[in-house]
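J.: Next comes the sequence, and after it the predicted model I'd like to discuss.
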Amino acid sequence: MKKETEILKLLKEKSSTKQLIYRNTKEAFDALVVSLKAKEKSLTDLLKDEVDNVELEFKSNGSFDVQLKFAGDTLLFHMHSNIFDFPSTHEICKSKYVKQDKSRSFCGVINIYNFLSDSLKYNRLNDEGVLIGRVFINKEKKFFVEGDEDLGALFKDFSKKEINANLLDQIIDACMVFTLNFDLCSPNFNDVRLVSVHHLLAMSMNQKIKTSKRLGYKLSAEY
């Protein structure tokens, strides 16, 4: 009976907390969708005289996956359906905010990827996207963003920042600026000098040589 009591206690505490976090994350993701639609419209209006040169498009791929295409880049926002904790060595777990209540470290996550628009348009399955940031949201709607450049620096005060429409719009802007400044680099010659007959025959249907903006780029967490 003692074990059953412990199991019931854990189920009640953790399950209810994780359900709350899921709802908070989904609410934030739905607000993000609204912000992305508004961003597409506002930028389209501002660029209406140059619309032939700068293509803007919002696209939803379901309840957990949306895209914003701008020129040659596409930002893909994906909400994970599960809830995550952090290892004890993570800086979040060392904060006073989490030490006061361990359940504050449980978070939902929205991943932000940068793809070349042509990779998606032409179904270039060998091409790679880049994870440029992750938005973590907890039971109190507090959040932080893990990433490099302004993405990590502007949104890191976990205990004080509560996710809202204005901050989501700032995250979108920071992602777009980072992406537009993150240019496509030609791969090293020796990395692409060998091409198989299979790749050559298929190239007219689907460009098989891998394309990525990633060269020289890593999230700080990968070092």
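T.: Good, I have the coordinates.
J.: Give the burial count for Phe86, as a bare number.
T.: Residues lying near Phe86 (other Cβ atoms under 10 Å) number 15. Just so you know, the C-beta spots here come from the backbone N, C-alpha and C atoms, and that holds for glycine as well.
J.: again, but for the one 10 residues further on
T.: Close neighbours of Lys96, defined as other Cβ under 10 Å, add up to 7.
J.: got it, and Asp101?
T.: Around Asp101 there are 11 other residues, counting by other Cβ under 10 Å.
J.: measure it to Lys142 for me?
T.: Between Asp101 and Lys142 the computed distance is 11 Å (Cβ to Cβ, to the nearest Å).
J.: For the lengthiest helix in the chain, what does the pLDDT average out to?
T.: Longest among the helix segments of the chain by residue count, using DSSP state H, is helix 2-46. Mean pLDDT, helix 2-46: 89.
J.: other SSEs contacting it?
T.: Under the contact definition 3 or more Cβ pairs under 8 Å, 6 or more residues apart in numbering; DSSP states H and E, helix 2-46 sits against strand 56-60, strand 65-70, strand 73-79, strand 108-116, strand 130-137, helix 165-180.
J.: That one versus helix 165-180: what angle between them?
T.: For helix 2-46 against helix 165-180, the angle by axes from the mean of the first three to the mean of the last three Cα atoms, to 10 degrees is 70 degrees.
J.: where's helix 2-46 relative to the chain centroid, distance-wise?
T.: How far helix 2-46 lies from its chain's middle: 15 Å, per Cα atoms, centre = their mean, to the nearest Å.
J.: Provide a list of residues in contact with His80.
T.: Contact analysis of His80 by Cβ atoms under 8 Å, 6 or more residues apart in numbering lists Phe64, Gly108, Val109, Ile110, Asn111.
J.: How about Asn166?
T.: Contacts for Asn166 (Cβ under 8 Å, 6+ apart) come out as none.
J.: Could you measure from the closest residue to Phe58 other than its chain neighbours over to Leu76?
T.: Distances taken as Cβ to Cβ, 6 or more residues apart in numbering place Glu40 nearest to Phe58, at 4.2 Å, with adjacent residues excluded. In this view, Glu40 and Leu76 are 14 Å apart by Cβ to Cβ.
J.: go on, Asn123?
T.: Where Leu76 is concerned, Asn123 sits at a distance of 15 Å (Cβ to Cβ).
J.: Have a look at the two and say which one is more surrounded.
T.: Neighbour count, other Cβ under 10 Å: between Asn123 and Leu76, Leu76 has more, with 19 against 11.
J.: I figured that one hits Ile112, correct?
T.: Yes. Contact criterion Cβ atoms under 8 Å: Leu76 and Ile112 qualify, at 7.4 Å.
J.: that older thread, the residue nearest to Phe58 against Leu68, yeah?
T.: Yes. Using Cβ under 8 Å, Glu40 is in contact with Leu68, at 6.4 Å.
J.: Excluding chain neighbours, what is closest to the residue positioned nearest the centre of the chain?
T.: Central residue of the chain (Cα atoms, centre = their mean): Ile112, 1.4 Å from the mean position. Of all residues not flanking Ile112 in the chain, Gly133 sits nearest, at 4.4 Å (Cβ to Cβ, 6+ apart).
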